[in-house]
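In: Predicted model, plus sequence, below.
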Amino acid sequence: MSEQLSGSKPDERAPVIEARGLRRVYGEGATAYEAVRGIDLDVTEGEVFALLGTNGAGKTSTFDLLEGLASPTAGEVAVFGLDPVRDRRQIRPRVGTMLQSGGLPAELTVTETLEMWRGTCSNPTTVEDVLERVRLTDRADVRVAALSGGEQRRVDLACALLGQPKLLFLDEPTTGLDPESRRGTWQLLADLKSAGVTMVLTTHYLDEAEALADRVAIMHRGEIVVCGTLREIVDSQPARITFDHPGLALPPLRGAEVDAGARVTISTHDLQGHLSELLGWADDLRLQLSGLEARAASLESVFLRIAEGDRTSATTAVPMGATA
């Protein structure tokens, strides 16, 4: 089941993607594998929606269903109110797709590649325009095979932008890019968002999701475990205080969970209050807390808990109200 955090239900903007009970099963009988297990999600107009998860979580299979590259085993999906498989011809002119691997012809130049791709678009912009956007103008006459991996990814992005899409699917858009190119791509995507383009992206870079996404969903074993804005997701998880056990009975910290092993771990939703209590107790006893660390929750900490399979602790304090 897909779970949304309180307050994270999409606003009144028009829905671009709606999925209910979406399932994708490969194979039959005893060898069947369920890659997507009944997920629900909505993406609204102008939103950047990040779908995160470890390898094998079901992200690519979900993308295939949303893009109309495969039919769901069960459930329903609509893109611009249409069936992405049955109505693919109507939807395709409004959608741009950047796959994990573009498979571009190696012997063509960048310009030749984009001109070829441009011929498939209903309402294309110019090759010069997309080359400037992805910062490849100076590589226009270079064969694709001679480009670096990061440059090839930028050609993939240029192809996705040629048709002036209203909806972009971006599968690992900055893999292989150097830090400067990543930042440039982030700015390009931010500009597209400002122009009203809706985007759905997958990424293994959590800082990328933090920088770009309005909402984040984290998949694990075919399910969306948690979905909401970054702030909602982080605020729903406890902060942690850790230090070496001082060998004395610890003070009561109401509302906190304390694991008093050799290395004490305190999980709390009141980091400032409980840390103040702890430090006051230590000061009264003239006690030095060795190895003291205090860390607020982060997208990374939530992601790692889910990836490690600790679904219960990862979704504690996630209200079960509206579904995505």
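Out: Structure's in. What do you need? Numbers count the residues shown, from 1 in each chain.

In: Any idea how far apart the tips of stretch 206-224 sit?
Out: Using C-alpha to C-alpha, to the nearest Å, the end-to-end distance of stretch 206-224 comes to 17 Å.

In: should've said stretch 217-233
Out: Start-to-end, stretch 217-233 (C-alpha to C-alpha) is 9 Å.

In: swap in stretch 250-261?
Out: End-to-end distance for stretch 250-261, by C-alpha to C-alpha: 11 Å.

In: Report the distance from that stretch to the chain centre.
Out: Averaging C-alpha positions (C-alpha atoms, centre = their mean, to the nearest Å) puts stretch 250-261 34 Å from its chain's average.

In: CA atoms only: put stretch 61-74 into CSV for me.
Out: Provided in CSV are the C-alpha atoms of stretch 61-74 (Å, rounded to 0.1, in the frame of the first residue of the first chain):
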residue,chain,number,x,y,z
SER,A,61,9.2,-1.2,-13.6
THR,A,62,7.0,1.7,-12.3
PHE,A,63,8.5,4.0,-14.9
ASP,A,64,7.7,1.5,-17.7
LEU,A,65,4.1,1.5,-16.6
LEU,A,66,3.8,5.3,-16.3
GLU,A,67,5.5,5.8,-19.7
GLY,A,68,3.2,3.2,-21.4
LEU,A,69,6.2,0.9,-22.2
ALA,A,70,4.3,-2.0,-20.5
SER,A,71,0.8,-2.7,-19.4
PRO,A,72,0.1,-3.2,-15.7
THR,A,73,-0.8,-6.7,-14.5
ALA,A,74,-3.5,-5.0,-12.4
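
In: In that stretch, which residues are buried?
Out: Neighbour counts over stretch 61-74 (16 or more other C-beta atoms under 10 Å) mark S61, T62, F63, D64, L65, L66, E67, G68, L69, A70, P72 as buried. All C-beta atoms are positioned from the backbone trio N, CA, C, and that covers glycine.

In: I'd like the next helix or strand past the helix ranked longest in the chain.
Out: Longest helix in the chain, counting residues (DSSP state H): helix 179-194. Counting by DSSP states H and E, the element after helix 179-194 in chain order, helix or strand, is strand 198-202.

In: returning to what we had before: quick one: which of the buried residues of stretch 61-74 sit in helices?
Out: Short answer: the buried residues of stretch 61-74 in helices (DSSP H) are S61, T62, F63, D64, L65, L66, E67.

In: Output these in a markdown table, with pLDDT and distance to G309 appended to each entry.
Out: Output for those, formatted as a markdown table (pLDDT from 0 to 100; distance: C-beta to C-beta, whole Å):
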| residue | pLDDT | distance to G309 |
| --- | --- | --- |
| S61 | 94 | 19 |
| T62 | 96 | 19 |
| F63 | 94 | 23 |
| D64 | 94 | 25 |
| L65 | 96 | 24 |
| L66 | 96 | 26 |
| E67 | 94 | 29 |
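
In: now the buried residues of stretch 61-74 as a markdown table including distance to Y205?
Out: As requested, the buried residues of stretch 61-74 are exported to a markdown table (distance: C-beta to C-beta, whole Å):
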| residue | distance to Y205 |
| --- | --- |
| S61 | 21 |
| T62 | 19 |
| F63 | 17 |
| D64 | 22 |
| L65 | 24 |
| L66 | 21 |
| E67 | 21 |
| G68 | 27 |
| L69 | 24 |
| A70 | 26 |
| P72 | 28 |
